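# I need the structure of the sequence given here:
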Amino acid sequence: MTVRQRQVFYLSGFDPRGAGHYHRLYKTQAAGQKAVNGLDIKVSRRQRLGADAHQWWLEAGHTRSRYTFLSWDDIIRAHWAKSWWAILGDLFYCLWAYFANGLIFTFARASYKQMLAGLYPFLYITATLVLAWLAGSGLCRLVQTLPVPPSLATGLGLTAGTLAGLLILAAAKRLGNRSAVFWLLRIYAFSAKWGKGRLPELEPRMAAFGERIRAALADERNDEVLVVAHSVGTMLVLPIIARVLAQTDRRLLANRRLVLITLGQCIPLISFQPGARDYRRDLQQLGQDPDLLWLDYTAPTDGACFPLLDPLSASGLEAAPDCGPYILSPRFFTLYHADRYRKLRRAWYTMHFLYLMATDKPGPYDYFAFTAGSSPMASRLETPS
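Numbering: from 1, shown residues only. Coordinates of the predicted model:
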């Protein structure tokens, strides 16, 4: 079978950058991938469909793909802690949500990398506050030894100490943003709030996304409906797809026409939460549906995901025979030249986005062939991993 028309839906992770950023990323990376896969993908201009979506067209030979970016960056920005007070608020919320009840140990058993990633913001912020206190108090005492009147020495000492502490906090905040340590903290806080039912604004947005996917399935011109979710987007996409499957005529799902691809998934951040019973029910539904083709790609070198972890079995659930996710690795080390790959491995934030980027060499994992090529995903899958 050759795909003449495809509908792609893309759901981003916890990233305040919106459709404009991802349109530029796709266009530049697709051009870079042309030398590898020979696909000359013409990417159209971006069009706004409404508050919840943007789209652009991809043309490669005789295949046309409508690429719809499902927007929730406005919700992300509303939960994007910026000030130190907001950051500390997220920190204390995470301490209560993950550490006080021992949930951190559940994550540790599933993936030690995620446990280390969870400790990273806590250790960084604690070290920053201790350093700011030591530097501020030390400089205060030093200035107070100056040969000036005691009242003046006290005032100068307090001023110098306060300024020193504030400078360290400002520098640490800038470094924390650049190293994505606060990005991790924001994700953990967001996930904990969602798991406890404290994000009511997600529900109507997810319902709108589901309606768009159902409409694409109802359009018989679409040979394939491909839903791609990355990072935190993999957490959102599962209940959306569960509802789509429950509400769609089964004839429209024949031949695994609906394909779900999860990239760099962090699903256990929700599915492990004690109160996320509805979420686990949706996850179980996906693991029982034979009409859904679900490919889950994670890389062991991606420190911001749960690599090669089956989200169903890890959550105490079981998939029916021939159902559930295929647990796959993109095998990035085979797709890049050795020198470049060594550099990429040191850039852990970039590693988490590598799923969406051009490669140096051809291989089974090719995001641009998946989303714009003429072969359906079902034909690309040879054997379960």
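
# State whether Gln265 is indeed within a strand.
No: using DSSP: H, G, I helix; E, B strand; the rest coil, the assignment for Gln265 is coil, not a strand.

# show me the contacts for it.
Contact analysis of Gln265 by C-beta atoms under 8 Å, 6 or more residues apart in numbering lists Ala229, Ser231, Thr234, Met235, Asp296, Thr298, Cys305, Phe306, Pro311. (Glycine included, C-beta is placed from N, CA and C.)

# The third one and Thr262 touch, don't they?
Yes: taking C-beta atoms under 8 Å as the definition, Thr234 is a contact partner of Thr262 at 4.2 Å.

# and which of the contacts of Gln265 is nearest to Arg178?
Ser231 (18.7 Å; C-beta to C-beta).

# Skip the chain neighbours and tell me the closest residue to the closest one.
Closest residue to Ser231 apart from its sequence neighbours, by C-beta to C-beta, 6 or more residues apart in numbering: Gly13 at 2.7 Å.

# pLDDT at that neighbour, what is it?
What the model reports as pLDDT for Gly13 is 97.

# Sort out for me which of the contacts of Gln265 are in strands.
Ala229, Asp296 (DSSP state E).

# So among the contacts of Gln265, which ones count as buried?
Ala229, Ser231, Thr234, Met235, Asp296, Thr298, Cys305, Phe306, Pro311 (16 or more other C-beta atoms under 10 Å).

# returning to that earlier point: the residue nearest to Ser231: which element?
Using DSSP states H and E, Gly13 is not contained in any helix or strand.

# Centre of the chain to the one helix or strand Leu185 maps to, how far?
Assigned by DSSP H and E, Leu185 belongs to helix 181-195. Distance of helix 181-195 from the chain centroid (C-alpha atoms, centre = their mean, to the nearest Å) equals 11 Å.

# Check what contacts it and list those residues.
Contacts for helix 181-195 (C-beta under 8 Å, 6+ apart): 14, 79-81, 87, 90-91, 93-94, 97-98, 117-118, 120-121, 124-125, 173, 176-177, 199, 202, 232, 235, 266, 269-270, 273, 275-276, 279, 304, 349.

# Give me the subset of those residues lying in helices.
The helices, defined by DSSP state H, take in 87, 90-91, 93-94, 117-118, 120-121, 124-125, 173, 176-177, 202, 235, 269-270, 279, 349 from these.

# Just the buried subset of the residues you listed, written out for ChimeraX, thanks.
A single ChimeraX command selects the buried members of these (16+ other C-beta under 10 Å):
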select :87,90,91,93,94,117,118,120,121,124,125,173,176,202,235,269,270,279
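
# hey, where'd the helices end up in the stretch 201-350 of the chain?
For the stretch 201-350 of the chain, applying DSSP state H, counting those that start in this stretch gives helices covering 202-218, 233-247, 268-271, 277-286, 311-314, 338-346, 348-353.

# can I get the ones you listed in TSV with distance to Ala254 and mean pLDDT?
Shown next, in TSV, are these (distance: least, C-beta to C-beta, whole Å; pLDDT from 0 to 100):
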stretch	distance to Ala254	mean pLDDT
helix 202-218	11	98
helix 233-247	13	97
helix 268-271	29	95
helix 277-286	18	96
helix 311-314	24	96
helix 338-346	40	94
helix 348-353	34	93
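
# Output those helices as JSON lines; include the columns distance to Lys27.
Converted to JSON lines, the helices of the stretch 201-350 of the chain look like this (distance: least, C-beta to C-beta, whole Å):
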{"stretch": "helix 202-218", "distance to Lys27": "22"}
{"stretch": "helix 233-247", "distance to Lys27": "20"}
{"stretch": "helix 268-271", "distance to Lys27": "31"}
{"stretch": "helix 277-286", "distance to Lys27": "32"}
{"stretch": "helix 311-314", "distance to Lys27": "31"}
{"stretch": "helix 338-346", "distance to Lys27": "21"}
{"stretch": "helix 348-353", "distance to Lys27": "15"}
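
# ok, now which ones touch the residue nearest to Gly136 when sequence neighbours are not counted?
Excluding the flanking residues, the one nearest Gly136 by C-beta to C-beta, 6+ apart is Gly165, at 3.3 Å. By C-beta under 8 Å, 6+ apart, Gly165 lies in contact with Ala132, Trp133, Ala135, Gly136.

# got a winner among these for most neighbours?
Using other C-beta atoms under 10 Å as the neighbour test, those are led by Gly136, with 22 neighbours.

# Surely that residue touches Leu158?
No: assessed by C-beta under 8 Å, Gly136 is found out of contact with Leu158, at 9.2 Å.

# Just give me how far stretch 162-172 sits from the chain centre.
Worked out by C-alpha atoms, centre = their mean, stretch 162-172 lies 31 Å from the chain centre.

# make that stretch 227-240, sorry
8 Å.

# Now the terminal residues of that stretch, how far apart.
10 Å (C-alpha to C-alpha, to the nearest Å).

# What's the separation between Gln33 and Phe69?
To Phe69, Gln33 is 19 Å away according to C-beta to C-beta, to the nearest Å.

# who's more crowded, the two?
Comparing Gln33 with Phe69 by other C-beta under 10 Å, the one with more neighbours is Phe69, at 25 against 21.
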